[in-house]
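> Give me the fold of what follows.
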Amino acid sequence: MQKRNKIVYWIATLWLSLGMLSTAVVQLMRMEKEVANITRLGYPLYVLTLIGIWKILGVTAVLMPKAALIKEWAYAGFFFAMSGAIVSHIAIGDSPTELFGPTLLLLLTIVSWYFRPATRRIVQAGLR
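Numbering: from 1, shown residues only. Okay, the predicted model is just below:
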């Protein structure tokens, strides 16, 4: 059972990291489609820079072998960013296809967090 959990964790974490990193690059580059999307959602363009930087920092934190408390903050940030994206798309009446990306990243965040090894949890690291 432990081996299966470790495999699930690493698959979810690597896909989550790849998804967050690739969307962060797109946001930081302010690609035309991303600019149109964030504008359509009603957010100012500087949000792309903020979210892009925070995603890169979050991926770094999640992949680091230590710093359990920072990992928890990164997972929370991913959860809030992706659930916020889902709500934003629903609020403006986007089609369900627009929800696929953020929903997938939200699910990967939850799976990665849930299956993280004991050495990557706050209680195990001696923090309470």
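> Just give the closest residue to the residue most central in space within the chain, not the sequence neighbours.
Residue closest to the mean C-alpha point of the chain, counted by C-alpha atoms, centre = their mean, is residue 78 at 3.5 Å. Excluding its sequence neighbours, the residue lying closest to residue 78 (C-beta to C-beta, 6 or more residues apart in numbering) is residue 109, at 4.4 Å. From N, CA and C alone the C-beta is placed, and that goes for glycine too.
> what sits against that neighbour?
Counting by C-beta atoms under 8 Å, 6 or more residues apart in numbering, residue 109 touches 16, 75, 78-79, 82.
> Which ones among those residues lie within helices?
Taking DSSP state H as the definition of helices, the contacts of residue 109 contribute 16, 75, 78-79, 82.
> Distance of the residue nearest to the centre of the chain relative to residue 110?
9 Å (C-beta to C-beta, to the nearest Å).
> cool, and residue 41?
Remark: distance between residue 41 and residue 110 (C-beta to C-beta) = 23 Å.
> same question for stretch 10-26, mean pLDDT?
This predicted structure assigns stretch 10-26 an average pLDDT of 98.
> next one: that stretch to chain centre, how far?
Its chain's average C-alpha position is 7 Å from that of stretch 10-26, according to C-alpha atoms, centre = their mean, to the nearest Å.
> what's that stretch in contact with?
The contact list for stretch 10-26, computed with C-beta under 8 Å, 6+ apart, reads 34, 51-53, 55-56, 58-59, 62-63, 78, 101, 104-105, 108-109, 111-112, 115-116.
> what about the helices in this structure?
2-29, 32-40, 46-63, 68-91, 100-114.
> and the last one, which residues are buried?
For helix 100-114, burial by neighbour count (16 or more other C-beta atoms under 10 Å) applies to 102-103, 105-106, 108-113.
> So what's the model's average confidence on it?
97.
> quick one, that helix and helix 68-91 angle?
Compare the direction of helix 100-114 with that of helix 68-91 by axes from the mean of the first three to the mean of the last three C-alpha atoms, to 10 degrees and you get 150 degrees.
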